[in-house]
Structure formats: structure tokens, C-alpha cells
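S.K.: dropping a prediction and its sequence here:
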Amino acid sequence: MRSEGKRRLGLALYFAGMLALAALISWLFSYVPLHPWLHAFLVFATPKLLTDILAALFQGSKKKYIFFEDYLRELLLFFAVVAVCVLAVAAVQQYLHGMVWLPLLAAAIALIWR
């Protein structure tokens, strides 16, 4: 039972960290004049790229991927998922006239992808 609680706490902290990182990235990209779809794509993709880079720097000898091509394949698949998410966000904003806070969705996608 104790390990289950630690796992849930780790996931909650990971989600909170990704949410803070995605909010910071969204705030920084708001100062750059970008098309809304490109802004959404960058908000979705940049937190995962940054966490992957930081994980590679600080993990040391533990490697998640044997070959770099495996990582590129996973990254390409993640970009495809991000493109579908951006299209869904654009559809909600355009056709349903709704507002979507992108950092929350970006953190959720990063948590699910993990």
C-alpha cells in the first residue's frame, strides 16, 4: 500500500511540474507573434522535449532507449498525437466557441504519454 501512495504522489508531482512548465512556456510564447495553431503545437510539444533533455542529462548511465532512432520514432508518434490534440482544440474553439487552457491539456498529454 505504501508503494502505491508513493507512486500516486510521484504522478501528482510530475503533473504539477509539467503544468507549471507548460504554463511558463505558454506565457513565454504569448509574447511571440505566432499563428494560434503553431502556438498550441509548441505549448504541447516543448514541455516533453525539455523534460526528455533534462532526463537524459541527469539520468547518467541509465538509458531508456538503446538507439537514437527509437527515440525519434517515439517523438514522431508523440508529434502525431499532439497534432490531433491541436486539431481538437481548434475545433472546440472554432465550432463550439469554447475556451481551452492549453497548459492543462499539455500536462495531461505528457502524463498520459509517460
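M.R.: Arrived safely.
S.K.: now the helices for this protein?
M.R.: 2-29, 36-59, 68-95, 102-113 (DSSP state H).
S.K.: what mean pLDDT does the shortest one get?
M.R.: Averaging the model's pLDDT scores along helix 102-113 yields 87.
S.K.: what sits up against that helix?
M.R.: 11, 14-15, 18-19, 21-23, 25-26, 39-40, 43-44, 47-48, 51, 78, 81-82, 85, 89 (C-beta atoms under 8 Å, 6 or more residues apart in numbering). Using the backbone N, CA and C atoms, a C-beta is placed for each residue, glycine as well.
S.K.: how about CSV for the helices of the chain, with mean neighbour count added?
M.R.: Listed next are the helices of the chain as CSV, based on neighbours: other C-beta atoms under 10 Å:
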stretch, mean neighbour count
helix 2-29, 14
helix 36-59, 16
helix 68-95, 13
helix 102-113, 18
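S.K.: low-confidence ranges, the chain, go.
M.R.: 1 (pLDDT under 70).
S.K.: make it 90
M.R.: Across the chain, residues meeting the criterion (pLDDT under 90) sit at 1-8, 10-11, 14, 34-37, 47-71, 89-114.
S.K.: skipping adjacent residues, who's closest to residue 21 in space?
M.R.: Once flanking residues are discounted, residue 21 sits nearest to residue 47: 4.7 Å by C-beta to C-beta, 6 or more residues apart in numbering.
S.K.: same question but for residue 23, I mixed them up
M.R.: residue 103 (4.2 Å).
S.K.: quick one: contacts for residue 79?
M.R.: Contacts for residue 79 were tallied using C-beta under 8 Å, 6+ apart; they are residue 45.
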